[in-house]
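Peer 1: here you go, sequence then predicted model.
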Amino acid sequence: MSTVVDDRLGRTIYADNIKLVKGVSRKTPSSSLERAGLQILAVDRSDLYSQLRLMGSDNIITPLEKKALEREWISLNSSLASTIQKIGEYDISEDTTTLAMYEAFHALEAFLAIVLDLTKMESNTDITNLGGIKDFFQAYYDSKTIVDERIFRLETGLLSGLDYRTKYTVVINSSTGAFAPADGSDTTLRASVHHEGVDVTDNYLDIDFTWHRITEDRTLDASWRLGNDLSGKTLTINKDDLISKAATFGCTFKHFYSDTMYFQSVGHISLSEEIPAEDAISVQIFSSNGDTFRSGQCYTTMTAIVWQGKEDITHTLDESRFNWSRNSGDPIADEQWNTSSKAVGRKSILLTPDDVSSRSVFVCDVDL
């Protein structure tokens, strides 16, 4: 985009570097992202809260304790000034999170106006009827953290809270391979998360991992989610968890590293019911560019491979035997896609954003 120059009042404004919001210059996400750190560093205030809890344990604030509170109050106001400036830049003064922060600040201010009364700094102050001193500070700092993270998201463009700048990959392994045993015995699915090729699964808790199932029947999938404990790094299933003898199981890794910011990645594995015969025929689908995409970014080639036992027999079958179908939850749109030239009579299909509607599942049926 060419640079637009406005020379009003003798000031030069480059419109491709800033945006004007109510007359205030606003940094663009791209320029701020270059200077932003990897993530918000959570401030550990546990020591402060321990000291405040100790101060309030006898409901008496001594002159020495007042000096410490005064120093914290000065530091708090200095930090708040910077946040207020950002609130004005991004025009979020009326946001509920901002109003909650101001409310907590004024409550703390009213409390300290009594405790830090200049005429009583050299004497003890009884706070029995004023409330817990630690609670006032924590309420303020908790609400301010949420506002600071809101500002962080505006500066970096990570508005949803999803931080995609650090790449995590979720890999799922099955204890029984690609099949659920026909005798009904259990299969254990195990999810691992990798960062830059290193397995970092042990660094995260079970609650960071949630499982889901994708089959041709969305209603049964929803019932299945309600009836199972789907939290954790492992999931135990058997053939009864399949629909029409097949299912895809996914595990979502979602780790909040602050109150509102998180990393997320999803892995999938497809299983079918075991056919205990050497000449059993199975179909596998491979995606050239993974199986999870952000909205508007799906570009991948999906290929169906037909196996008879351990032998690839795809080349022996005519393309007319291969028919693809999509399930996106929109029956009318899916039927149009399923009968299009892209879906009928092809061993491989190229998927683009136009082919993906919300959460879509693609299946290839082979006429044998």
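Peer 2: Perfect, I can see it now.
Peer 1: is the residue lying closest to Lys254 once chain neighbours are set aside in a helix, a strand, or coil?
Peer 2: Leaving aside its chain neighbours, Lys254 sits nearest to Gln264 (4.6 Å; criterion: C-beta to C-beta, 6 or more residues apart in numbering). C-betas here are computed from N, CA, C, even on glycine. Of the three states, Gln264 takes strand according to DSSP: H, G, I helix; E, B strand; the rest coil.
Peer 1: give me the number of residues near Gln264?
Peer 2: 18 (other C-beta atoms under 10 Å).
Peer 1: look up how far Glu196 lies from it.
Peer 2: Between Gln264 and Glu196 the computed distance is 17 Å (C-beta to C-beta, to the nearest Å).
Peer 1: repeat for Gly161
Peer 2: Distance from Gly161 to Glu196, by C-beta to C-beta: 22 Å.
Peer 1: can you check the pLDDT for Arg321?
Peer 2: Looking at Arg321, its pLDDT stands at 91.
Peer 1: contacting residues for it?
Peer 2: 366-368 (C-beta atoms under 8 Å, 6 or more residues apart in numbering).
Peer 1: which of those are buried? Put it as a ChimeraX command.
Peer 2: With 16 or more other C-beta atoms under 10 Å as the criterion, this ChimeraX line picks the buried residues out of the contacts of Arg321:
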select :366
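Peer 1: okay if I get the contacts of Arg321 as JSON lines plus distance to Leu220?
Peer 2: Formatted as JSON lines, those follow (distance: C-beta to C-beta, whole Å):
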{"residue": "Val366", "distance to Leu220": "24"}
{"residue": "Asp367", "distance to Leu220": "26"}
{"residue": "Leu368", "distance to Leu220": "26"}
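Peer 1: least confident of the contacts of Arg321?
Peer 2: Out of the contacts of Arg321, that is Leu368, at 78.
Peer 1: quick check: closest non-adjacent residue to it.
Peer 2: Counting by C-beta to C-beta, 6+ apart, Ile281 is the residue found nearest to Leu368 once chain neighbours are left out, at 6.1 Å.
Peer 1: what's the neighbour count on the one you found?
Peer 2: 13.
Peer 1: looking at the sheet around it, what are its partners?
Peer 2: Gln308 (DSSP bridges).
Peer 1: could you pull up the residues touching the residue lying closest to Leu189 once chain neighbours are set aside?
Peer 2: Nearest in space to Leu189, with sequence neighbours left out and distances taken as C-beta to C-beta, 6+ apart, is Leu235 at 4.5 Å. For Leu235, the contact set (C-beta under 8 Å, 6+ apart) comprises 188-189, 191, 211, 249, 251.
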